[in-house]
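In: fold the following.
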Amino acid sequence: MSRIGRMPIPVPSGVEVDVAPGRVKVTGPKGTLERLVPEAMEIRKEDGRLVVSRPSDSREHRSLHGLTRTLVANMVMGVTEEFVKNLEIHGVGYRAIARPLGVELALGFSRPVEFRPPKGVTIEVPAPNRLIIRGADKEAVGQAAANIRALRKPDPYKQKGIRYAGEHIRKKAGKASK
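Out: Numbers count the residues shown, from 1 in each chain. Below is the predicted model:
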């Protein structure tokens, strides 16, 4: 039995879970999330908890068991407490400006880069060199952060670019001269 898959998912008060074959819908104070799940996995509500079970011990069902449980647990957690990713911008003249439809980033290109977040994701700019990405969907928040980081990846030589908060970029030595 999967160690992750067999753990029940606690459903806090104020969160409503609607389970149908192949579909899970979770509604809470931070929003509503809906996801298609493998139809082979059975999701039951028991005593204010969700339990995911698999029909057999086949390799495919074992691999889907823990995955399905984790996806549903992330949905429940996302509608109660939002997921957050923090980004830092390093470099002379590199900055972020909040705009009504997203964020404008000056990253050393000839023109500023406009980034519009996906639906359900918000971007805050508390300082010109910091970004906070929030949302109920863990996958969408992580993908938005990765897309912003990909606009100007951290440079190991000059230590410039966009990086996750707390991410350490090992500095490389430049070209050695004689």
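In: so what's Val24 bridging to?
Out: Val19, Arg35 (DSSP bridges).
In: how close does it get to Asp137?
Out: Computed as C-beta to C-beta, to the nearest Å, the Val24 to Asp137 distance reads 13 Å. Where you see a C-beta, it was placed from the backbone N, CA and C, and this is true even at glycine.
In: ok, now Glu167?
Out: Applying C-beta to C-beta to Glu167 and Asp137 gives a distance of 22 Å.
In: the more surrounded of those two?
Out: Using other C-beta atoms under 10 Å, the more surrounded residue of Glu167 and Asp137 is Asp137, with 22 against 12.
In: test my guess that that one contacts Leu33.
Out: Yes: taking C-beta atoms under 8 Å as the definition, Asp137 is a contact partner of Leu33 at 5.9 Å.
In: now for those two: what residues contact both?
Out: Gly78 (C-beta atoms under 8 Å, 6 or more residues apart in numbering).
In: dump the residue contacts of Glu87.
Out: Actually, residue 87 is Leu rather than Glu. So Leu87 contacts Arg130, Leu131, Ile132, Ile133, Ala145, Ile148, Arg149, Ile162, Arg163, Tyr164, Ala165 (C-beta under 8 Å, 6+ apart).
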